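*Asks:* just the structure for this:
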Amino acid sequence: MTGREFLNSVANGQSDIVQLILDILAETGSRYCVIGGLAVNAYVDPVVSLDVDIVIAVEDMGAASIAAKGRGLKVEQFEHSVNISDPRSDLRIQVQTDPRYQDFIPRAALKDVLGYRMRVAHLEDVLQGKVWAYMDQTRRKSKRQKDLADIMRIIESYPQLLTKLPPSLQEELDKK
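*Replies:* Sure thing, here's the model as predicted:
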């Protein structure tokens, strides 16, 4: 079983929503990069998640949303994200609208992740995004724990990045 088949089987996927989104981004010429857990998987041993976090250039978001709706996908606007879903898949595409992530797009590179070829944020940007998410006290504790685990996975594989963490987080990791 390929990584792609595995991800879609976990997601009860009758639809390959990840490939649909990648096709939409290519067709609309949208600049983007994958962040979050899927991006972590590009650099360390993969862990499955049903969330696909992505950043799309602000000026490309409208065309991508229209194309997604044209493909029958549900597009919902929230305070800090645009969520794209397909009733035939449990995978959730979460387009982050926090402007801090826009700077990640030009530094992204093409990578193979679970059988998909996609633009993935630079490793240090992935780590920064995970730090922002973990430090956000408004997020659910379970989400923050997953962010912390992703940070630890990155640091274990790339210990030189420990110095990129805020001192309070470095101290917290020392206790774990």
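*Asks:* downstream neighbour of the helix or strand bottoming out on mean pLDDT in the chain in the secondary structure list?
*Replies:* Across the helices and strands of the chain, mean confidence by mean pLDDT, DSSP states H and E is lowest for helix 3-10: a mean of 72. Toward the C-terminus, helix 3-10 is succeeded by helix 17-27 as the next helix or strand (DSSP states H and E).
*Asks:* what's the average pLDDT for that following helix?
*Replies:* Averaging pLDDT along helix 17-27 yields 95.
*Asks:* helix or strand right after the longest helix seen in the chain?
*Replies:* As assigned by DSSP state H, the longest helix anywhere in the chain is helix 141-157. The helix or strand immediately downstream of helix 141-157 is helix 167-175, counting by DSSP H and E.
*Asks:* now for residue 25: which residues touch it?
*Replies:* By C-beta atoms under 8 Å, 6 or more residues apart in numbering, the contact set of residue 25 is 32, 56, 64. Any C-beta I mention is one placed from the backbone N, CA and C, and that applies to glycine too.
*Asks:* the residue nearest the centre of the chain in helix, strand or coil?
*Replies:* Ranked by distance to the mean C-alpha position of the chain (C-alpha atoms, centre = their mean), the top residue is residue 53 at 2.8 Å. Three-state assignment for residue 53 (DSSP: H, G, I helix; E, B strand; the rest coil): strand.
*Asks:* how near is residue 147 to residue 105?
*Replies:* Look at residue 147 and residue 105: by C-beta to C-beta, to the nearest Å, they are 21 Å apart.
*Asks:* do the same with residue 44
*Replies:* Relative to residue 105, and taking C-beta to C-beta, residue 44 is found at 22 Å.
*Asks:* which residue of those two possesses the greater neighbour count?
*Replies:* residue 105 (20 against 17; other C-beta atoms under 10 Å).
*Asks:* any idea how far the more buried one lies from residue 122?
*Replies:* Counting by C-beta to C-beta, the gap from residue 105 to residue 122 is 10 Å.
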